[in-house]
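J.: Build the 3D model from these lines:
(one chain, ligands or ions: 1)
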Amino acid sequence: MKVLGIAGSPRRGGNTDRLLGEVMRGAASRGAKVKTIILNNLTIAPCQHCDGCLETGRCKVEDDMQMVHSELGQADRLVLASPIYFMGVTAQVKAMIDRCQALWVRKYILKLPPSGSSRRRGLFISVGATKSANLFQPAVTMVKSLFRALDITYAGELLFPGVGEKGAIAKHPDALKQAFLDGQRLVEGTPSE
Ligand SMILES: Cc1cc2nc3c(=O)[nH]c(=O)nc-3n(C[C@H](O)[C@H](O)[C@H](O)COP(=O)(O)O)c2cc1C
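T.: Next up is the predicted model:
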């Protein structure tokens, strides 16, 4: 069982990083092989809508996204973490999502079979500093759309409002514990919705 974590915050050791770390630790404790990609360390250009992927399902832009596509293809479980920036995901995550257009083309235009294993499942992790109404709704909608294109079931989420300072998530009564347990459940099959 391979679990791919994608860290979407530029802030190392921040709140989503801490949650992602616990999910991956939980998954590893159940025997999963875990790997985390830090998007901020990669070069991922925004999608150019060149339509180069329309015939082959492969993105023509050569950068680190080729490696991310390969990791996504091999993962049995995906854990995507992004803080809320202006009511959405970070620019790093949005660039990666848009570059998955090539995978969307594979599924919906070329009708190719999914490249990953069947019954793939994923979790979304997010935090925001405020407690605004619908704080997570745009990001969740976006991530669900990505997961659909990748044939990954949206199997759970860890969403914490009112978490702004770096490391503030550690003061939450049970967020990190919840993350660890969700990591275990993700590889066992029943992460909390
Ligand atoms: C550019 C930027 C935009 C932000 N936009 C929002 C927002 O719209 N709503 C909100 O509640 N918090 C917002 N925040 C606060 C972050 O979501 C918050 O600090 C979060 O804890 C950062 O997570 P991290 O430690 O994983 O990076 C924003 C922060 C930055 C830097």
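
J.: Show me what residue of this structure gets nearest to the ligand.
T.: The ligand sits closest to residue 14 of the chain, with a gap of 2.4 Å, by CB to the nearest ligand atom. C-betas here are computed from N, CA, C, even on glycine.

J.: Relative to residue 58, how far out is that residue?
T.: The spacing between residue 14 and residue 58, counted by CB to CB, to the nearest Å, is 33 Å.

J.: got it, and residue 87?
T.: Per CB to CB, residue 87 is found 32 Å from residue 58.

J.: next one: residue 115
T.: Separation of residue 115 from residue 58 (CB to CB): 11 Å.

J.: ok, now residue 107?
T.: From residue 107 to residue 58 the distance is 14 Å (CB to CB).

J.: quick one: secondary structure of the most centrally placed residue in the chain?
T.: For the chain, residue 80 is the residue whose C-alpha lies nearest the centre (CA atoms, centre = their mean; 1.8 Å). Three-state call for residue 80 (DSSP: H, G, I helix; E, B strand; the rest coil): strand.

J.: now it: how far from residue 53?
T.: Distance, residue 80 to residue 53, using CB to CB: 21 Å.

J.: Of residue 107 and residue 58, which one has the most company?
T.: Taking other CB atoms under 10 Å, residue 107 and residue 58 do not tie; residue 107 has more neighbours (17 against 13).
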